[in-house]
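Trainee: Everything below, folded, please.
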Amino acid sequence: MAVDIKEVKRLKELTGVGLTDAKKALEEAGGDFDKALAAMRKKGLTKAEKRGEREARQGLVGTYNHDGRIGVLVEVNCETDFVARNDIFVDLVKDLAMHIAAANPQYVSIDDIPAAEREKVEKEFAEKAKADGKPADMIKKIVGGQVEKHFAERCLLDQPFVKDQDQTVGDYVKDHNARLGENIIVRRFSRIALGEVS
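Mentor: Numbering: from 1, shown residues only. Here you go, the predicted structure:
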């Protein structure tokens with residue numbers, strides 16, 4: 001099947017792989033760009049994932065203020081000062097700060113959730129499943145899914161991105177890894193809402 005060279009180039013740009021790999025992925029996906037991109041992510045073919053091991057200590061602390069009622073500080077790191085000053089990176093940091101203001105995540109990623117918090121939530125869901133009369137052999141599986149969904153809603157990188165609900169914030173950051181050719185890490189954030197008691 002012949003694939004559009006523009007789509008091949010676009011896939012190459014987003015994933016950082018060679019033209020041959022991009023063309024092959026599109027052919028295997030029957031010309032469906034989204035399917036090809038998803039398949040490449042699944043196979044771990046993107047250079048962005050390989051960059052994840054490189055150290056990122058440059059970057060920006062971005063801010064967002066919504067009507068003087070919600071304020072956000074976010075630290076996003078990259079590998080070089082050159083990329084930190086790039087407009088694409090600056091816009092990414094602004095978008096992340098705006099997303100945090102709108103979606104109010106509690107953690108950057110699932111790795112940041114304290115073990116005690118995870119255990120507490122697992123216990124609550126297990127007790128509810130027992131009270132609802134769920135079969136004992138199914139409780140662990142049911143609770144696992146509920147806990148994953150519960151924390152995905154609270155972890156920045158797992159939330160649907162406010163400007164494009166079809167991708168997560170984590171995927172949005174990975175796309176920027178590929179576009180900028182560097183490892184990009186959302187290090188930390190702080191969100192303050194007027195009148196909110198912590």
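Trainee: need the helix or strand of this structure with the lowest average pLDDT.
Mentor: The helix or strand of the chain with the lowest confidence, counting by mean pLDDT, DSSP states H and E, is helix 47-51 at a mean of 56.
Trainee: The next helix or strand after that helix: which residues count as buried?
Mentor: Tracing the chain C-terminally past helix 47-51 and defining elements by DSSP states H and E, one meets strand 58-66 next. Buried positions in strand 58-66, judged by neighbour count with 16 or more other Cβ atoms under 10 Å: 58, 59, 60, 62, 64. C-betas here are computed from N, CA, C, even on glycine.
Trainee: which residues sit in contact with the fourth one?
Mentor: Pointing back at residue 62 there. When the contact criterion is Cβ atoms under 8 Å, 6 or more residues apart in numbering, the partners of residue 62 are 72, 73, 74, 75, 76, 90, 93, 94, 96, 97.
Trainee: quick one: which of those residues sit in strands?
Mentor: The strands in this structure, assigned by DSSP state E, contain 72, 73, 74, 75, 76 from these.
Trainee: what would those look like in CSV with pLDDT?
Mentor: As requested, those are exported to CSV (pLDDT from 0 to 100):
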residue, pLDDT
72, 97
73, 97
74, 97
75, 97
76, 96
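Trainee: For those, which ChimeraX command selects only the ones that are buried?
Mentor: If you want just the buried ones from those in ChimeraX, going by 16+ other Cβ under 10 Å, the selection is:
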select :72,74,75,76
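Trainee: Max pairwise distance over the ones in strands among the contacts of residue 62: which two?
Mentor: Spanning the widest gap among the ones in strands among the contacts of residue 62 are 72 and 76, at 11.9 Å by Cβ to Cβ.
Trainee: For residue 94, report the pLDDT, please.
Mentor: Reported pLDDT at residue 94 in the predicted model: 97.
Trainee: Could you check how many residues crowd around it?
Mentor: As a burial measure, the neighbour count of residue 94 was computed by other Cβ atoms under 10 Å and equals 16.
Trainee: distance of the nearest residue to it once chain neighbours are set aside from residue 189?
Mentor: Nearest non-adjacent residue to residue 94, counting by Cβ to Cβ, 6 or more residues apart in numbering: residue 62, 5.9 Å away. For residue 62, the distance to residue 189 under the criterion Cβ to Cβ, to the nearest Å works out to 9 Å.
Trainee: Equivalent analysis for residue 55, please.
Mentor: Taking Cβ to Cβ as the measure, residue 55 and residue 189 are separated by 20 Å.
Trainee: mind listing what's buried in stretch 96-113?
Mentor: Of the residues in stretch 96-113, those with enough neighbours to count as buried (16+ other Cβ under 10 Å) are 96, 97, 98, 99, 100, 101, 103, 105, 107, 108, 109, 113.
Trainee: Farthest-apart pair in those, please.
Mentor: Farthest pair in these (Cβ to Cβ) is 98 and 113. Separation: 23.6 Å.
Trainee: which residues does the residue nearest to residue 94 bridge with?
Mentor: In this structure, residue 62 bridges to residue 74 when assessed by DSSP bridges.
Trainee: Repeat that for residue 190.
Mentor: The bridge-partner assignment for residue 190, based on DSSP bridges, gives residue 73.
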